[in-house]
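Chemist: Pasting a predicted model and its sequence here:
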Amino acid sequence: MLGTRASGAAGPRIFSGVQPTGHLTLGNYLGAMRRWAEVDQHRAEALFCVVDMHALTVEHDPARVRRLSRQAATLMLAMGLDPERCTVFVQSHVDEHARLSYLMECTAADGEMRRMIQYKEKAAAAALRGESVRVSLLTYPALMAADILAYGTQEVPVGADQAQHVELTRDLAERFNQRYGPTFVVPRATHPKVAARVMDLQEPTSKMGKSGQGRKTGVVYVLDEAEVVRKKVMRAVTDGGSDVAYEPDERPGVANLLNVLAACTGGDPEKLAGAYGSYGTLKKDAADAVVEVLRPVRERHAALAADPAYVDGVLRDGAERARGLARPRVDAAYRAVGLLA
């Protein structure tokens, strides 16, 4: 079943990954990863990757990167990814990612890289702290493009904040194909319909992000205990007024809670708003829903963490399948640009 579903059924090829730069959050789960398990792995030839090399673009603790990489891989399985249906692996275990990344750097333009929103934000933050910026922070979209293009990916299921990277990947694929001949499939981004962008409970105009060493009060982590989850949701920032209405621009705090509740229960945020007369009841129901959604994931994670040999085997087999898919295409790209076979 090299790189495909065990069933062998036809479907688009998809790739997506998660960086081990922090503990995975409710936003990661509702924004993309739940869809991977519930939808994507059943309809497609799916590859899901812990993109550990991306974690090296900023100052980091090597031991922490290793620990979070294993935790992320274990959580991917706990969230329902089935290695009999999809390929689960770690980026650095497949050399083709780094090999193709250099060709993407040779295809991209400096201006394209500097326009990437995440680079501009992180570089500006580093400047304020008086820190230098690693070249890899500028060029990592080339590695991200390599991650996607190495597998002939057709669809990339991502959160809304990653759409710009997929657009760059499309541009690089088209440019490479025009210069050197048809080599890469041009992919497209796909997004879940609800809660594609879960916001921080304390700063509802900012994404619920996992990066950083601290555990923030506005961020719900997938492995948070139930009472911790309840406390964070109940303390969520709301907005002026007392009625519950779904107005994302004017009342982002309430809208965020409604989005989270809708994503957890399968409801519609606008319709849910009409069912509540107070913020307190909305918060309680949202907290209950989040606890219930995360409970089975936490339980499966605990069981898998107690069996590291199984997780190691999944990652080893996944890397072998991924390598088998990526190597022929990357070899072809090397030949296309003029490198000796």
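Modeler: Perfect, I can see it now.
Chemist: Surely residue 81 is in contact with residue 41?
Modeler: Yes - counting by CB atoms under 8 Å, residue 41 is a contact partner of residue 81 at 6.1 Å. No exception for glycine: its C-beta is placed from N, CA and C like everyone else's.
Chemist: neighbour-wise, which of those two wins?
Modeler: Higher neighbour count among residue 81 and residue 41: residue 41, with 25 against 22, using other CB atoms under 10 Å.
Chemist: how close does the residue nearest to the more buried one when sequence neighbours are not counted get to residue 303?
Modeler: Excluding its sequence neighbours, the residue lying closest to residue 41 (CB to CB, 6 or more residues apart in numbering) is residue 86, at 4.1 Å. Note on residue 86: its distance to residue 303, by CB to CB, to the nearest Å, is 20 Å.
Chemist: Have a look at the two and say which one is more surrounded.
Modeler: Just comparing residue 86 and residue 303: by other CB under 10 Å the higher neighbour count belongs to residue 86, 25 against 12.
Chemist: before we move on, the earlier item: against residue 175, how distant is the residue nearest to residue 41?
Modeler: Distance of residue 86 to residue 175, given as CB to CB: 30 Å.
Chemist: got it, and residue 303?
Modeler: Distance, residue 303 to residue 175, using CB to CB: 46 Å.
Chemist: Specify the beta-bridge partners of the residue sitting nearest the centre point of the chain.
Modeler: Nearest residue to the geometric centre of the chain (CA atoms, centre = their mean): residue 18, 4.1 Å. Assessed by DSSP bridges, residue 18 has beta-bridge partners residue 50.
Chemist: how about it, what does it touch?
Modeler: 24, 28, 33, 49, 50, 51, 72, 76 (CB atoms under 8 Å, 6 or more residues apart in numbering).
Chemist: mind running it again at 10 Å?
Modeler: Going by CB atoms under 10 Å, 6 or more residues apart in numbering, residue 18 touches 24, 28, 32-33, 36, 48-52, 54, 68-69, 72-73, 75-76, 210.
Chemist: next one: residue 147
Modeler: Applying CB under 10 Å, 6+ apart, we find residue 147 in contact with 15-17, 47, 49, 51, 53-54, 91, 94, 96-97, 100-101, 104, 153, 156, 165, 169, 326.
Chemist: can you give me the helices in the stretch 51-200 of the chain?
Modeler: 62-78, 96-107, 110-114, 117-128, 135-149, 163-180 (DSSP state H, counting those that start in this stretch).
Chemist: Using CSV, list the CA coordinates for the third one.
Modeler: This means helix 110-114. Coordinates of each C-alpha in helix 110-114 appear next as CSV, following Å, rounded to 0.1, in the frame of the first residue of the first chain:
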residue,chain,number,x,y,z
ASP,A,110,13.6,37.1,-2.8
GLY,A,111,10.6,39.5,-2.9
GLU,A,112,8.2,36.6,-2.7
MET,A,113,9.7,35.3,0.5
ARG,A,114,9.8,38.7,2.1
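Chemist: That helix - contacts with which helices or strands?
Modeler: The elements that helix 110-114 packs onto, with contact taken as 3 or more CB pairs under 10 Å, 6 or more residues apart in numbering; DSSP states H and E, are helix 117-128, helix 135-149, helix 163-180.
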